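**Q** Would you be able to build a 3D model of this:
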Amino acid sequence: METQEVLTKCIRKDVWGLISFSAKTTLFLSVFCLLLFSSISVEAADNENCLMCHKYRQIGRIDEEGKKRSYYVDENIYANTTHRNVPCRDCHTYITKLPHDPITEEVNCANECHIKPPFSKENFSHKKIIEVYNNSVHGIKKEDAPELKSAKPHCKYCHLNPIFTRVQEERIAFDKTLSRCLNCHEQKGVTQAYKHITHRLRHKTSRSPKEIVNLCSKNCHQEVDLMKTLKVSHESLEAVETYSQSVHGKSVALGSQDAADCISCHATNAIHDIYKKDDKKSSVHAENRTETCRQCHTNVGDQFANIDVHSKLDPEKKPVLYYMNTGLTFVFYGSVLGLVGLMLIETVGRRRDGIKWQIRRGTTWRGISKIKTDIKKILNK
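**A** Next up is the predicted model:
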């Protein structure tokens, strides 16, 4: 009887221990899963819980013109964008209460953000860059005609979400890197940051040269009718066409990553400082052109810098260049067609000689030549 009671107590103890172990395991797994999923959840600067409404795909309204405007914000994309750490109301400063009234204002990219970059004492702002842009040829001026104001590119026309742009980084010179950093950061502190950063973008932008050319051409400089309405110069009307015919344009069209695009010549490291060529601040002004060309070319002199990059081969205005280009074109295609003709003649001659054209064991011609056979017979006689 005592033995049976001892066995019963042992069994109960083992069962209770098993249950306790199972409960502990379940609790551990639950906590682990909770931590796992919470770590991969979307983390963004949404302290005011704006995404509580804007996360729904169908949120939006029909405006006064009858167009549907979507206010949907994808949480995952937003959490991986450049602005992921910027609170919503840093850009949408006109919102003073939640839920807010219908939006009637546009976002001003020059607003000061509540974000302090590393080694900086001031909050981040695009104000410095926008001041450069406003002074450039693309900036909207008071004296501009209404059609010119509507045609000029705004911030979001050029700037895409970098999450969709692949960026290739390479190690480049210190002075070029520092000049890019000083567009936004204070000079004091940037040198400290540079000790930790030994590489920077090789090009001025994260886009490829072909993307830059397409961006400047599409809907703007390629539209001749629009350019005529804006009363641009005759050279500007032909800018896209003449660039496409140049060695730079042809190299970019073939996929070159080193050939000059629009930004390479018409802007400095500030990128947004594009001016008319007659403006002394312009990188393509006669006094600055030599330094601009030296970004890519070595041993650049004044004569080299004065070469017309956007030259159109007009037989009346530039007959020497036109006829030289025409002659070289005939020489090139004549050489290619001549080689093709010789190949065809040789192919026909070999077929008549009894040699077959076969790709086999590393050779394309197989068989015994009739002419060589006849010559051997004559020699043997």
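
**Q** How about residues contacting stretch 105-117?
**A** 85-87, 90-94, 122-127, 130, 155, 184-185 (Cβ atoms under 8 Å, 6 or more residues apart in numbering). (C-beta placed from N, C-alpha, C; glycine too.)

**Q** out of those residues, which are buried?
**A** Buried by 16 or more other Cβ atoms under 10 Å: V86, P87, D90, H92, F124, S125, H126, I130, H185, out of the contacts of stretch 105-117.

**Q** Among those, which are located in strands?
**A** Per DSSP state E, strands hold no members of the buried ones among the contacts of stretch 105-117.

**Q** Lowest-confidence entry in these?
**A** Among the buried ones among the contacts of stretch 105-117, H185 has the lowest pLDDT, at 69.

**Q** circling back: may I see the buried ones among the contacts of stretch 105-117 arranged in JSON lines, with distance to C113 as well?
**A** JSON lines is the format used below for those (distance: Cβ to Cβ, whole Å):
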{"residue": "V86", "distance to C113": "5"}
{"residue": "P87", "distance to C113": "8"}
{"residue": "D90", "distance to C113": "5"}
{"residue": "H92", "distance to C113": "12"}
{"residue": "F124", "distance to C113": "5"}
{"residue": "S125", "distance to C113": "6"}
{"residue": "H126", "distance to C113": "9"}
{"residue": "I130", "distance to C113": "13"}
{"residue": "H185", "distance to C113": "14"}
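
**Q** Tell me which two in those are the farthest apart.
**A** Greatest spatial distance in these: H92 and H185, 25.3 Å, computed using Cβ to Cβ.

**Q** Would you mind giving the domain segments of the protein?
**A** Listed by automatic domain parsing, the domain ranges of the chain are 108-305, 328-380.

**Q** Span of stretch 247-263 from start to end?
**A** 16 Å (Cα to Cα, to the nearest Å).

**Q** quick one: buried residues of that stretch?
**A** Using 16+ other Cβ under 10 Å as the test for burial, stretch 247-263 gives H248, G249, S251, V252, S256, A259, A260, D261, C262, I263.

**Q** now swap in stretch 64-75 and tell me
**A** So, applying 16+ other Cβ under 10 Å, buried residues of stretch 64-75: V73.

**Q** residues in contact with the closest residue to H297 other than its chain neighbours?
**A** Leaving aside its chain neighbours, H297 sits nearest to F304 (7.1 Å; criterion: Cβ to Cβ, 6 or more residues apart in numbering). By Cβ under 8 Å, 6+ apart, the contact set of F304 is T290, C293, H297.

**Q** Would you mind measuring from F304 to T290?
**A** Distance of F304 to T290, computed by Cβ to Cβ, to the nearest Å: 8 Å.

**Q** which residues do those two both contact?
**A** Common neighbours of F304 and T290 (Cβ under 8 Å, 6+ apart) do not exist.

**Q** Give the helix, strand or coil label for G334.
**A** helix (DSSP: H, G, I helix; E, B strand; the rest coil).

**Q** That one: neighbouring residues, count only.
**A** A count of nearby residues for G334, using other Cβ atoms under 10 Å, gives 10.

**Q** so what's it up against?
**A** G334 touches nothing, counting by Cβ under 8 Å, 6+ apart.

**Q** gap between it and S208?
**A** 35 Å.

**Q** so the residue nearest to H297 is in which element?
**A** Using DSSP states H and E, F304 sits in helix 302-305.

**Q** again, but for S179
**A** Taking DSSP H and E as the definition, one finds S179 inside helix 174-181.

**Q** Could you pull out the buried residues of stretch 265-276?
**A** C265, H266, A267, T268, N269, A270, I271, H272, D273, I274, Y275.

**Q** how about the last one, what does it touch?
**A** Listed by Cβ under 8 Å, 6+ apart, the contact set of Y275 reads S136, V137, K281, S282, S283, H285.

**Q** Contact partners for the last one?
**A** What it means is H285. With Cβ under 8 Å, 6+ apart, H285 has these contacts: Y275, K277, D278, D279.

**Q** Can you pull the poorly scored residue ranges out of the stretch 201-350 of the chain?
**A** Counting by pLDDT under 70, the stretch 201-350 of the chain shows low-confidence ranges at 201-204.

**Q** Break down the chain into its strands, ranges please.
**A** Using DSSP E, strands in the chain cover 60-62, 68-70, 169-170, 200-201, 356-360, 363-366.

**Q** taking the mean pLDDT, what do you get for the fifth one?
**A** Mean pLDDT, taken over the full extent of strand 356-360, equals 70.

**Q** Return the distance of the spatially closest residue to T290 that is not a sequence neighbour relative to Y78.
**A** Of all residues not flanking T290 in the chain, A305 sits nearest, at 4.3 Å (Cβ to Cβ, 6+ apart). As judged by Cβ to Cβ, A305 and Y78 stand 46 Å apart.
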